[in-house]
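Student: A structural model of the following input is requested.
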Amino acid sequence: MVQLRRDWFTPFDEMHREMDRLVDDFSSRRPPAFRFSRRSWEPVVDIYETADTVVVVAELAGLKEEDIEVLVQGNTLIIRGLRTDSAPRGQRSYHQIEIRRGLFEREIALPVPVDPEQTNAYYENGLLEVIMAKVSKLDYGG
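Tutor: Numbering: from 1, shown residues only. Take a look at the predicted model:
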């Protein structure tokens, strides 16, 4: 009878465990948004409150003000628009593409009720600032 050394299998056992880990890691990841959604990206935001307002600041580098739409619906702020390719057209050989382009939409649940009629938006240097007046507790019965 031929006996194989047990340590001969160790590299294969380690490789099998590593492959299992890679498959588990890959299967647990969220699919890229641009492949499975009509939206290709979402802007990052900061949200904070003052005594009288809720403020949302969204990073929208490379957009023109007219390409941005801001809506307040109930207790949700919606920011949507389109970021296009700003580089001149022509033959290109990309080495890396990290800037997301295309349609975007971000729905933000607001921490307190706001008055949609008392909302102001300002856009400067790639940052959109939306300032919404809070609704007093007496106005909404809270």
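Student: so where's the chain shaky on pLDDT?
Tutor: Residues of the chain meeting the criterion pLDDT under 70: 1-9, 28-39, 87, 137-142.
Student: quick one, strands of it?
Tutor: Using DSSP state E, the strands of the chain run over 45-49, 53-59, 68-73, 76-83, 102-109, 114-124, 127-134.
Student: show me what the second one is packed against.
Tutor: Right, strand 53-59. On a contact count with 3 or more Cβ pairs under 8 Å, 6 or more residues apart in numbering; DSSP states H and E, strand 53-59 meets strand 45-49, strand 76-83, strand 127-134. Bear in mind the C-beta positions are built from the backbone N, C-alpha and C, glycine included.
Student: Serialize the ones you listed to a markdown table and add fields for distance to Glu65.
Tutor: Shown next, in a markdown table, are the helices and strands packed on strand 53-59 (distance: least, Cβ to Cβ, whole Å):
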| stretch | distance to Glu65 |
| --- | --- |
| strand 45-49 | 17 |
| strand 76-83 | 10 |
| strand 127-134 | 9 |
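Student: now the residue nearest to the spatial centre of the chain: how far from Gly81?
Tutor: Nearest to the mean C-alpha position of the chain, by Cα atoms, centre = their mean, lies Glu42 at 3.3 Å. As judged by Cβ to Cβ, to the nearest Å, Glu42 and Gly81 stand 11 Å apart.
Student: joint contacts of those two?
Tutor: Residues within reach of Glu42 and of Gly81 at once, by Cβ atoms under 8 Å, 6 or more residues apart in numbering, are Phe104.
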